[in-house]
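> Next one to model:
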Amino acid sequence: MIAAFDQAGLKVLERGWLSSNNILFGSTDPAHETVLVDTGYWTHAEQTVALVRRLLGERPLQRIVNTHLHSDHCGGNRALQAAFGCRVDVPAGDADKVDRWDETALTYRETGQHCPRFERTGVIEAGSELPLGAWRWQVIASPGHDPTSMVLYQPELELLISADALWENGFGIVFPELEGRAGFADVRETLDRIATLKVRAVIPGHGPAFEDVGAALARAHRRLDAQIADPRRHARHAAKVMLKFHLMELQAQTRPALAQWLHANGLVVRAHRDHFAATPFDAWCDELIAELRLSGALHVRDGILENA
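Predicted coordinates:
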C-alpha cells in the first residue's frame, strides 16, 4: 500500500478526531501542483499548517480540494489560505452556499459546530477529472452521508479517496435522514457504485488506509441494513456522535451549558422530535449522556461533563 502511495505521489496525514484525514500531493516537480485534499477541523488548523509546511519544504501549498464541506473536512481552509494563498475547490453543489456563507445550508449552525469562513476559488464536479500529482483522478458523486460529497478514484493505480462514503468499518452519519430527507437509498447507491470500481487501497476520511475493500463494503451494507430496519437506531447514534464531538472540542462543560447547546442543535432536536418525542427532550438527553458515560466516552465530575 505504501508503495502505491509513493507511486501516486501522495502522503496520508492520518488525523485523530476531531479532524478528517488529509491527503497531500506534494511533488517537487514544478509541473505538478501541490494539493491538499481536505483540511481537518478548525481547532487543529495550526497543526495542519505546520504539518503541510514541514512536508512541502520550500514549495507552497497551491490548492485545496474538499471532498465535502462538513466542518471536520474544511475547517482548516481559512488558515491554509492565510498561510499559503492557495486556491480552494469545493463540490459544485456547495459553491453558492460558500459564496453566501450560509451557515445553515452548510450545516454548521444546525450541528453546533464551527468553521471559519473561507473563500472558494473553484469547484469540482462529478464526471470530471482532477490532476493530482502525475495522475488524473476521477471525481465521482457519493451522496448519502452528505448530498454533494465526492470521492476521488485513480483507475491505473486502483486507489480510492473515499472521504466519509466508506470507512473500514462503516460510513459517516447519514445527515439527510436527520434533516427529514431520504438518505439511506443514496448510501446504498454510493456503496454499489464503489463496488463497481477496481480498488486496491482506500484512503478513508477517518481511520487508517485499508486494502480489503470487499470486507469493508460488506460491513457497510450490514450497518446500512440495520439502520434502514430501525431508523431510531441511526438517529440515537447520530445524536451521541454529535454530543461526543462537542465534548471533544471543549473537553469539559457544565450540565446547564451542555443543555443549552443541545437545545440549540437543530439536528439533535429534530432527531428527538421525529423518533423519541414520547420522552421529554431533557430526559432523553440525560439518557444519551448516561449511555456515553457507561461506554466510557465521558466522565461526570462535580457536575462537570468531561471528555474521556
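
> so His114 makes contact with Tyr108?
Yes: judged on CB atoms under 8 Å, His114 makes contact with Tyr108 at a distance of 6.5 Å. C-betas here are computed from N, CA, C, even on glycine.

> show me where pLDDT drops low in the stretch 1-150 of the chain?
For the stretch 1-150 of the chain, no stretch has pLDDT under 70.

> Give the residues shared as contacts by His114 and Tyr108.
Ser71 (CB atoms under 8 Å, 6 or more residues apart in numbering).

> Any buried residues in the biggest helix by length in the chain, and which?
For the chain, the helix that runs over the most residues, judged by DSSP state H, is helix 231-250. Within helix 231-250, the residues scored as buried using 16 or more other CB atoms under 10 Å are 231, 234-236, 238-240, 242-249.

> Stretch 76-87 now?
Gly76, Asn77, Arg78, Ala79, Leu80, Gln81, Ala83, Phe84, Cys86, Arg87.

> picking up where we left off before, so for the longest helix of the chain, mean pLDDT?
On average, the pLDDT along helix 231-250 is 97.

> Packing partners of that helix?
Counting by 3 or more CB pairs under 8 Å, 6 or more residues apart in numbering; DSSP states H and E, the packing neighbours recorded for helix 231-250 are helix 175-178, helix 213-229, helix 255-264, helix 266-275, helix 281-294, strand 304-307.

> Make JSON lines out of those and add mean neighbour count and distance to Ala185.
Below are those laid out as JSON lines (neighbours: other CB atoms under 10 Å; distance: least, CB to CB, whole Å):
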{"stretch": "helix 175-178", "mean neighbour count": "22", "distance to Ala185": "10"}
{"stretch": "helix 213-229", "mean neighbour count": "16", "distance to Ala185": "9"}
{"stretch": "helix 255-264", "mean neighbour count": "15", "distance to Ala185": "29"}
{"stretch": "helix 266-275", "mean neighbour count": "18", "distance to Ala185": "18"}
{"stretch": "helix 281-294", "mean neighbour count": "16", "distance to Ala185": "27"}
{"stretch": "strand 304-307", "mean neighbour count": "17", "distance to Ala185": "35"}
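
> Lovely, talk soon.
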